[in-house]
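Peer 1: Structure of the sequence below:
(one chain, ligands or ions: 1)
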Amino acid sequence: MTVEIAPLSPDMGAEIRGVDLSRPLDPAVASALRAAWLDRVVLVFRGQTLDDDALRRSADWLGEPADISMPVDRRGDDDTLIALISNIRDETGNPIGALGDGDMWFHHDNSFTEAPDKATWLYAVELPESGGNTLFGNCYRAYEALPERLRRSLAGRKVLQVYDYTIKERPDIADLHGIPHFWQPAVIVHPVTRKKALYVDRLMTAAVEGYDRTAGEALIEEVCAYVERVDYEHVWRTCDYVIWDNRCSVHARTDFPADERRLLKRGKVAGEPLLADVPSPREAH
Ligand SMILES: [Fe+2]
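Peer 2: Got it, this is the predicted structure:
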């Protein structure tokens, strides 16, 4: 069967047709998928029938699976590679998964770790009637769109990426004891495409190196207006499998009815420490 790569929007996303992810991929197909993924950032495979064994191998064409970073007490089970993203509760009232309810602000996965995951995949098992869509923003485009003034403000600087699993907003950085955090470049250079991408988002970026708290938050707020572009909105169908490049994109979730069940399975591909953009003399501060 021939592989079709159909763009989903001008700036991001492609639907892949003619690939069954439950079977070993021909090397030429794997190579075509890698190229499409680097180019389109988000790939969508509809109608995939994937059990957990198949899911654990489903992103082998991109690299090694990453262990789940989320603490076991914030998840519903102890699988190390597949996380359940769900609002469903078992018969005793305990959540079967994590990150279950409502909307979720734009973010990069695992930005608060030294080596954030290279890719994230989601597989749809059970969905509400409407809502719970995943929004994607292209962070190459966000950087390109940034006015010169803001580029200069961020050039060569680091940003503090923080994630408090217990809340859904940007955390208070006054006390980061026990809360995962890491200083990352504000602008990264993608290790393969060598293009610059903005590495700032509303959920996890909490401070900018060299700025006091108020000025840093104001700068983050201004930059987020460029990050939250919604280049592609994925409206889920069951058996959809979506995989994205986590270094050069952000994603968010739209709200959905709290009384409807939603279950997606999620896995990651291990990444490396991020490369900082080296500002040109003109941009240096
Ligand atoms: Fe996420």
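Peer 1: outside of the lowest-mean-pLDDT helix or strand in the chain, which residues touch it?
Peer 2: In the chain, no helix or strand scores lower on mean pLDDT, DSSP states H and E than strand 83-86, which sits at a mean of 90. Strand 83-86 has contacts (CB atoms under 8 Å, 6 or more residues apart in numbering) with 68, 70, 75-77, 95-100, 122, 126, 261-267. Every C-beta, even on glycine, is put in place using the N, C-alpha and C of the backbone.
Peer 1: Now the buried members of the residues you listed.
Peer 2: 68, 75-76, 95, 97-100, 122, 262-267 (16 or more other CB atoms under 10 Å).
Peer 1: In strands, which of those residues fall?
Peer 2: Within those, membership in strands is found for Leu122, Leu263, Leu264, Lys265, Arg266, Gly267, as judged by DSSP state E.
Peer 1: Just flag the most distant two among those.
Peer 2: Comparing all pairs in these by CB to CB, the longest separation belongs to Leu263 and Gly267, at 14.3 Å.
Peer 1: just so I have it, where are all the helices in the stretch 151-285 of the chain?
Peer 2: Secondary structure of the stretch 151-285 of the chain by DSSP state H, counting those that start in this stretch: the helices cover 213-227.
Peer 1: residue ranges with poor pLDDT in it?
Peer 2: Counting by pLDDT under 70, the stretch 151-285 of the chain has low-confidence residues at 165-169, 171, 281-285.
Peer 1: can you rerun that using 80?
Peer 2: 164-175, 279-285 (pLDDT under 80).
Peer 1: if we can go back for a sec, take the ones in strands among the buried ones among the contacts of strand 83-86 and lay them out in CSV including distance to Glu221.
Peer 2: Below are those laid out as CSV (distance: CB to CB, whole Å):
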residue, distance to Glu221
Leu122, 28
Leu263, 34
Leu264, 30
Lys265, 34
Arg266, 28
Gly267, 32
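Peer 1: ok, the residues you listed vs Arg23, which is closest?
Peer 2: Gly267 (17.6 Å).
Peer 1: Who is the closest one paired with across the strands?
Peer 2: Here Gly267 sits in beta bridges with Trp121, going by DSSP bridges.
Peer 1: Wait, it touches Thr80, no?
Peer 2: No: if you go by CB atoms under 8 Å, Gly267 and Thr80 don't touch, sitting 10.1 Å apart.
Peer 1: For Leu50, give me its contacts.
Peer 2: By CB under 8 Å, 6+ apart, Leu50 lies in contact with Leu21, Ser22, Ser58, Tyr123, Cys239, Tyr241.
Peer 1: The first one: which element?
Peer 2: The one in question is Leu21. For Leu21, there is no enclosing helix or strand under DSSP states H and E.
Peer 1: Now do it against Leu33, distance only.
Peer 2: Here the criterion is CB to CB, to the nearest Å. By it, Leu21 lies 10 Å from Leu33.
Peer 1: Then the fourth one?
Peer 2: As defined by CB to CB, Tyr123 lies at a distance of 16 Å from Leu33.
Peer 1: ditto for Thr92
Peer 2: Thr92 sits 41 Å away from Leu33, going by CB to CB.
Peer 1: Next: Thr214.
Peer 2: Applying CB to CB to Thr214 and Leu33 gives a distance of 45 Å.
Peer 1: And Thr254, by the same measure?
Peer 2: For Thr254 relative to Leu33 (CB to CB), the value is 27 Å.
Peer 1: Repeat that for Met204.
Peer 2: 28 Å.
Peer 1: How about Ala174?
Peer 2: Ala174 is 45 Å from Leu33, by CB to CB.
Peer 1: the more surrounded of these two?
Peer 2: Legend: neighbour count by other CB atoms under 10 Å for Ala174 and Leu33, higher for Leu33 (23 against 6).
Peer 1: now Asp26: how far from Thr2?
Peer 2: 11 Å.
Peer 1: what about those two, which has more around it?
Peer 2: Between Asp26 and Thr2, counted using other CB under 10 Å, Asp26 has the larger neighbour count: 11 against 6.
Peer 1: And the pLDDT for the more buried one?
Peer 2: The model reports Asp26 with a pLDDT of 95.
Peer 1: next one: the one 5 residues further on
Peer 2: Here the pLDDT value assigned to Ser31 is 97.
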